[in-house]
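Engineer: have a look at this fold, sequence not included:
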């Protein structure tokens, strides 16, 4: 890319978003690309006092960035990929996916380091229905209390004694240099991460050939294949970013791609939890295989009753 071409990279304002964008910017500049960063406030950031479902649900952390892309005010948007809806926005494309960080959730414990060591009645802060349901499956005697805000805000509330523990994405803590706060990684089969958790998504205009070429070297093929599979599964389940659905794709020992998916339901008022899990593997022979894998896992979950479970959860959360 000629040095005279300035690449405008859009980011959310949080410390985590700016750190993630900084990683992307450093690698673009290392290629000789001239970059300027534009900070954009999203509705999700602006209304951190409300549950995400109350301020628009899917896309609340990306819509303003996407609009800036479509308007030509920025050339690149850097997203936490788990926040990006699976339906493509007309005129925009997910150009590349850098190598993924740790995909799992993490417990940051104050009164005990592990979930099974927290005292009965302990207060656990989390902002996700997926995390709440899995927390109740593992420890129905614990209290799940809503917690929003950026990572620093959540940790400050924990340290102030408002919570006994909080559940956060491990990747965010790692990227902020706070990995030492993690007291337990929470992994499948007991605790499934959100689809595309730990991955970044770099979005550009579909017709912007120069920018597409500039960001292409940042793509990590294995991560990209994994998140395609996960996101296609989520799309086929019509789940959306906020649904109690988990997914994790990774390479098998034989070099194939393995995708596991989980759909959760919690009854009210008993808080009894139902969980269904499906897993499939494909050989990565061509670029269509990851999407087909996602469709296959979604089909198995639907056959096991996922659609009815998700509909009941939507009704309860409405």
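Structural biologist: Happy to help now that I have it. The shown structure was predicted, so the numbers you read here are calculated from the model rather than taken from an experiment.
Engineer: show me the shaky parts of the stretch 151-300 of the chain.
Structural biologist: Counting by pLDDT under 70, the ranges of the stretch 151-300 of the chain that qualify are 241.
Engineer: mind redoing it with 50?
Structural biologist: Judged against pLDDT under 50, the stretch 151-300 of the chain has no low-scoring part.
Engineer: in stretch 112-120, which residues are buried?
Structural biologist: Residues of stretch 112-120 classed as buried by neighbour count (16 or more other CB atoms under 10 Å): 112, 115, 118. Just so you know, the C-beta spots here come from the backbone N, C-alpha and C atoms, and that holds for glycine as well.
Engineer: residue 307 should be in a helix, yeah?
Structural biologist: Yes - counting by DSSP: H, G, I helix; E, B strand; the rest coil, residue 307 is part of a helix.
Engineer: which residues does it contact?
Structural biologist: 237-238 (CB atoms under 8 Å, 6 or more residues apart in numbering).
Engineer: so the residue nearest the centre of the chain, which of the three states?
Structural biologist: Among the residues of the chain, the one closest to the centroid is residue 82, at 2.5 Å (CA atoms, centre = their mean). Assigned by three-state DSSP, the conformation of residue 82 is helix.
Engineer: which one of the buried residues of stretch 112-120 is nearest residue 280?
Structural biologist: Distance to residue 280 across those (CB to CB) is lowest for residue 115, with 28.7 Å.
Engineer: wait, isn't the closest one in contact with residue 184?
Structural biologist: Yes - here residue 115 reaches residue 184: they are 6.3 Å apart, a contact under CB atoms under 8 Å.
Engineer: so what pLDDT did the residue nearest to the centre of the chain get?
Structural biologist: Per-residue pLDDT puts residue 82 at 94.
Engineer: what comes up buried for the one helix or strand residue 212 maps to?
Structural biologist: Assessed by DSSP states H and E, residue 212 sits inside helix 209-215. By 16+ other CB under 10 Å, the buried positions in helix 209-215 come out as 211-212, 214-215.
Engineer: and it, what does it pack against?
Structural biologist: Packed against helix 209-215 by the contact rule (3 or more CB pairs under 8 Å, 6 or more residues apart in numbering; DSSP states H and E) you find strand 92-96, strand 200-205.
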